[in-house]
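J.: Have a look at this prediction, sequence included:
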Amino acid sequence: MPTTVNEPIRTPALDTMLDVLRAPFPGAGSNIALRWVDRVLRGTGQVVFQGNWLTGLFILVAIGINSRVYLVAALVGVVASTGTALLLRMDRGLVDAGLCGFNGVLLGIGLNAYLSQDFTAGQWPDALLYVYIVVGAAMTTVMLAAISSLLGSRKVPALTAPFVFTAWMFIFATLQFGDFHPGPLLQAILPSHLIATEPVTIETWYEGTFKGIAEIFFQDNALSGIVIVIGIALNSRVSALMGLLGSLSGVAVALLYGASETPVALGLYGFNAALTAMALGGVFFVLNRMGALYTLFGTLVTVWAWATMSVLLSPLGMPTFTSAFVIVGWFFILAKAGFLGVVPIDPADSTYPEDNLRRWRGGRLSDGR
Amino acid sequence: MPTTVNEPIRTPALDTMLDVLRAPFPGAGSNIALRWVDRVLRGTGQVVFQGNWLTGLFILVAIGINSRVYLVAALVGVVASTGTALLLRMDRGLVDAGLCGFNGVLLGIGLNAYLSQDFTAGQWPDALLYVYIVVGAAMTTVMLAAISSLLGSRKVPALTAPFVFTAWMFIFATLQFGDFHPGPLLQAILPSHLIATEPVTIETWYEGTFKGIAEIFFQDNALSGIVIVIGIALNSRVSALMGLLGSLSGVAVALLYGASETPVALGLYGFNAALTAMALGGVFFVLNRMGALYTLFGTLVTVWAWATMSVLLSPLGMPTFTSAFVIVGWFFILAKAGFLGVVPIDPADSTYPEDNLRRWRGGRLSDGR
Amino acid sequence: MPTTVNEPIRTPALDTMLDVLRAPFPGAGSNIALRWVDRVLRGTGQVVFQGNWLTGLFILVAIGINSRVYLVAALVGVVASTGTALLLRMDRGLVDAGLCGFNGVLLGIGLNAYLSQDFTAGQWPDALLYVYIVVGAAMTTVMLAAISSLLGSRKVPALTAPFVFTAWMFIFATLQFGDFHPGPLLQAILPSHLIATEPVTIETWYEGTFKGIAEIFFQDNALSGIVIVIGIALNSRVSALMGLLGSLSGVAVALLYGASETPVALGLYGFNAALTAMALGGVFFVLNRMGALYTLFGTLVTVWAWATMSVLLSPLGMPTFTSAFVIVGWFFILAKAGFLGVVPIDPADSTYPEDNLRRWRGGRLSDGR
């Protein structure tokens, strides 16, 4: 997949220009309101590994053009999780980097979406559900601190695990309460082998690939996916490319092995793979030749792992979220301790793929093991 | 919830008196039989975090007034698990503190209860089942050593995880053997959304709260719950209050969000929450203002987490046990590494909430991170 | 069970003779092809903890006499997983000891078997399935590195967890793809209590015990089991005895507690127990008196744990693989940190049971905690 990515990264001039965007939001240093704007936007961008407020802004726009309900849910989530981190006095550097907010973004939209009768457009939550979302978003911060305590010493990031675990913990429960209204997708069924498959068109490929990006944020909208890719590219062209290739891999593998057309076109086979491709491809590993192969390997496994998670959860009728990415991502990142053939990047030292590669070549990258 | 708990803890005189009860059972120092009495009673008390033989005695009485079958099961469990610890030469300090016995208590009653046709009163086990209970109780000790090896270096206790994991490991299996007789509660069913709810009366609140305490020990009996609360209060008024408030929170949240009345009145929404409230509220965190807020947060999450666990296990027809408490408790305690806003207590240094708070104020509490 | 095993281990003369077999395959030091022969055979032998190419050869013969399909699958698996380890530059010592190959052997046969319409004989995979097996086998190497990173510092081995986790990750997914053909055993069903049991004959005992050894490699063939036991005995008589006693324990406990005859006769109650008995009995713990008791304890628990795993997976219709062994093995090995009554062996320092015992008696065994 990404074998010729060496070319676009020799562009320090462009990257120097873009560094303005990677810096804090104008005025965030002195104004508390603007600092919150920076945290909210940056937190949103961190879902796709981009510590860049402009990326976050593009993502919020991408969500907003699909559903204002989800835009509000995302904002509630990022504010609640970031606020909890401040209240409990987490490391201020993590908070300001947006790293305490991105799980909250996903939790907010996720809970809202699966508790809406119309998944695509969403439904305004009532007060009880907003309380639930706020507590859930706060819980992602507890999970982040807990998981970081377990994995931090091995230089392994929590990824979106705080979101996935909290979302499961909060969404299964809704079945037991009459005042929640689980959406139509939450249907328990015993798994069985897929028989019939639908015809595949060129639209399956196009929609599947872009919706695969949008589905990271639960948006069933190809245009949202395009806007998000642009937002990512403003911080890192490599990450944008990885995301697209990852999502495309999902579509390709799914169709090659005879998956059902509907979930493929919805981007469901791609959204986990896109995250794995972005994470392994340049962010947590240097994207040299072996890094590219390793990324391809992990991306491929993620596609199948998503199918496995959907089978595993079907007797509960519960969503996979980004669990396939978390599981595969963790295994591939943990494995760095045993593999001298790849160049891991310390999460605390990782900036963006182009810069990571450049620093590695210059011998200025700290030890990632 | 516990915002005005500062008052009752300024009572060193009472606590000094009570220290007699916290000391070993009279004669335990010199007589091996009396030392075992101390281990059995103390181990029973440790289920609710009280290293106090009198608390243990009250709990055994509370169990006995509901069912002699379960009283015997509890004794078999505590003796088998403690004996295993001695045989395999675990740290004698842990053994004498009752910390190798409390999971055995729960395992003994739990296996017996779910393999009885009448859950409330219990049924005398046959020889095969007693062997099973003894091996299961011994297994909780292996799990305790194993989990402590994993979490100990982070100053995180095993909580009741050895019981929960062993109980699951042993109770699922019973379906595969004709000579076990799984009780009527073990019915597998695909989860679906709760529709009808029953009317709630004042009795729901009263029964739900006290049975929430009793259900920690599988006792479907409000009077047992009252006796247990008294037993806890003899060691720590704060823990007793936390337990009651935790159980009450379970009832309140469940009813607010429209849960079914039957499980609420049985205390099922409260028994995990009660444990979380006791654990976080003074035992593993200093109960200052932020500690109280943190406890409230964890207790709330536990109520929903219990509902989630019951959904998760429904396709297997298996009980949740105290899994919601273990999971939420672990996340909240692990998270201490990242939160400077709360004051964690080293499990090895924790005594009881009043004393922990007093020592913290006096600067005599060792670092809990 | 193994209380009188002290006798056969005073045979250094025989062991000195056998050391020729434990050494690398003739010519492996200088010839790359022969080095690969050594890795393949040794990797196969490591499934049952024997770093001995002759043991591996016997196992491959045992598989081949049952099914050439599975023989090829085993070879594909061991080559792919070992090759991945070399490509990613894992520790060469681990690779040459066969430790990066044994999970691949199992993954290869396992995927092939459950995706065949005839489980016993197997079905030749098509190209898509071979790709899947190769990627899966490669994934076991990633999991091995990842799990070793998590457990290695505690001197706890990965056991067959890389195989089990990868196999689950890859086999659940097959339901979602029309181009896979899941076999008849993959049927999801809600668990219910076993009612009728079939008559037990002496054949149940004989078949169950030897098929319990063969089922480790998915071979439904008593003769294969006998050949494998001989292969193990050529490296360690104690391990062979442990394997047989473990498998026999599975049959005995299952029948004592009224399990269904069919799975017992297929060796399903025994194959996990056989692995636990071999692992705890001499390989990871010194087989002194307490070690023998500890092994018996773990073996017993594994029998029930297998039943539990089969219930746990029934709503998914998925196989248990050696998960019961992995779980129980991990708990019993992790627990060594807390138990001074047993003598653990550092996995990196373990050779074979007789030698481990001899070195312990001579005070030449390094600390296993």
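T.: Sure thing, it's come through. Keep in mind that what you see is a predicted model, and the values were worked out from it rather than measured.

J.: so how far is A:G27 from A:Q176?
T.: Separation of A:Q176 from A:G27 (Cβ to Cβ, to the nearest Å) stands at 46 Å. Every residue, glycine included, has its C-beta placed from N, CA and C.

J.: neighbour count winner among the two?
T.: Between A:Q176 and A:G27, counted using other Cβ atoms under 10 Å in any protein chain shown, the more crowded position is A:Q176 (24 against 12).

J.: residues contacting the residue nearest to that one when sequence neighbours are not counted?
T.: What sits nearest to A:Q176 in space, not counting adjacent residues and going by Cβ to Cβ, 6 or more residues apart in numbering or on different chains, is B:A307, at 4.0 Å. With contacts defined as Cβ atoms under 8 Å, 6 or more residues apart in numbering or on different chains, B:A307 is in contact with A:F172, A:A173, A:L175, A:Q176, A:F177, B:A254, B:A259, B:Y269.

J.: residues near the second one, how many?
T.: Neighbours of A:A173 under the rule other Cβ under 10 Å: 25.

J.: hang on, the earlier thing: now, which of the contacts of B:A307 lie within helices?
T.: Secondary-structure check on these using DSSP state H: residues within helices are B:A254.

J.: Mind putting the contacts of B:A307 into TSV with pLDDT?
T.: TSV is the format used below for the contacts of B:A307 (pLDDT from 0 to 100):
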residue	pLDDT
A:F172	95
A:A173	96
A:L175	96
A:Q176	95
A:F177	95
B:A254	96
B:A259	95
B:Y269	97
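
J.: Buried residues, stretch A:184-197. List them.
T.: Residues of stretch A:184-197 classed as buried by neighbour count (16 or more other Cβ atoms under 10 Å in any protein chain shown): A:L186, A:A188, A:L190, A:P191, A:H193, A:L194, A:T197.

J.: near chain B, which of those residues show up?
T.: Of the entries in the buried residues of stretch A:184-197, those that also sit close to chain B under the rule Cβ under 8 Å from any Cβ of the partner chain are A:L186, A:A188, A:L190.

J.: Which members of these occur in helices, if any?
T.: The helices in this structure, assigned by DSSP H, contain none of these.

J.: So which of those residues is the closest to chain C?
T.: In terms of Cβ to the nearest Cβ, no member of those lies closer to chain C than A:L190, at 4.1 Å.

J.: Now the closest one. Nearest residue, chain neighbours left out?
T.: By the measure of Cβ to Cβ, 6+ apart, the closest residue to A:L190 outside its immediate chain neighbours is C:A188, 4.1 Å from it.

J.: Looks like that neighbour contacts C:P315 (just checking).
T.: Yes. Taking Cβ atoms under 8 Å as the contact criterion, C:A188 and C:P315 are neighbours in contact, 5.8 Å apart.

J.: Domain boundaries for chain A, per the record?
T.: A:20-186, A:189-369 (automatic domain parsing).

J.: So which of those domains is nearest B:E203?
T.: Nearest to B:E203 among the domains of chain A is domain A:20-186; the distance by Cβ to Cβ comes to 19.9 Å.

J.: Up against chain C, what does the stretch 101-250 of chain A have?
T.: Taking Cβ under 8 Å from any Cβ as the criterion, the stretch 101-250 of chain A approaches chain C at residues A:R154, A:L190, A:P191, A:S192, A:H193, A:L194, A:I195, A:A196, A:T197.

J.: Kindly recompute the last result at 10 Å.
T.: Residues of the stretch 101-250 of chain A lying near chain C by Cβ under 10 Å from any Cβ of the partner chain: A:150-151, A:153-154, A:156, A:188-197.

J.: show me the contacts for A:Y269.
T.: With contact taken as Cβ atoms under 10 Å, 6 or more residues apart in numbering or on different chains, A:Y269 is in contact with A:208, A:212, A:215, A:247, A:249-255, A:257, A:259-260, A:263, A:302-304, A:306-307, A:310, A:324, C:176.

J.: try 6 Å
T.: A:G250, A:A254, A:V303 (Cβ atoms under 6 Å, 6 or more residues apart in numbering or on different chains).

J.: Name the nearest of those relative to chain B.
T.: Nearest to chain B among the contacts of A:Y269 is A:V303, at 25.5 Å by Cβ to the nearest Cβ.

J.: name the helices or strands packed onto the least confident helix or strand in chain A by mean pLDDT?
T.: Of all the helices and strands that make up chain A, helix A:12-22 has the lowest average by mean pLDDT, DSSP states H and E, namely a mean of 81. In this structure, helix A:12-22 makes packing contacts with no helix or strand, judged by 3 or more Cβ pairs under 6 Å, 6 or more residues apart in numbering or on different chains; DSSP states H and E.

J.: what residues does the stretch 51-200 of chain A put near chain B?
T.: Where proximity means Cβ under 6 Å from any Cβ of the partner chain, the interface of the stretch 51-200 of chain A facing chain B comprises A:88-90, A:139, A:142-143, A:145-146, A:148-149, A:169, A:172-173, A:175-179, A:182, A:188.

J.: Now do the most centrally placed residue in chain A against chain B, distance only.
T.: When chain A is reduced to its mean C-alpha position, the closest residue under Cα atoms, centre = their mean turns out to be A:V47, at 4.3 Å. Computed with Cβ to the nearest Cβ, to the nearest Å, the distance linking A:V47 and chain B is 20 Å.

J.: hang on, that residue packs against A:N103?
T.: No. Counting by Cβ atoms under 6 Å, A:N103 is not a contact partner of A:V47; they are 8.3 Å apart.

J.: which residues in chain A form strands?
T.: Along chain A, counting by DSSP state E, no stretch forms strands.

J.: Where does pLDDT dip in the stretch 151-300 of chain A?
T.: Within the stretch 151-300 of chain A, the set of residues satisfying pLDDT under 70 comprises A:196.

J.: so what's the closest residue to A:G27 other than its chain neighbours up against?
T.: Taking Cβ to Cβ, 6+ apart, and ignoring the residues beside it in sequence, A:G27 has A:L34 as its nearest neighbour in space, at 4.2 Å. Contacts for A:L34 (Cβ under 6 Å, 6+ apart) come out as A:F25, A:G27, A:A28.

J.: now with 8 Å?
T.: Contacts of A:L34 were listed using Cβ under 8 Å, 6+ apart, and they are A:F25, A:P26, A:G27, A:A28.

J.: In ChimeraX, how would I select the buried members of these?
T.: Entered in ChimeraX, the line below selects the buried ones among those, by 16+ other Cβ under 10 Å:
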select /A:25,28
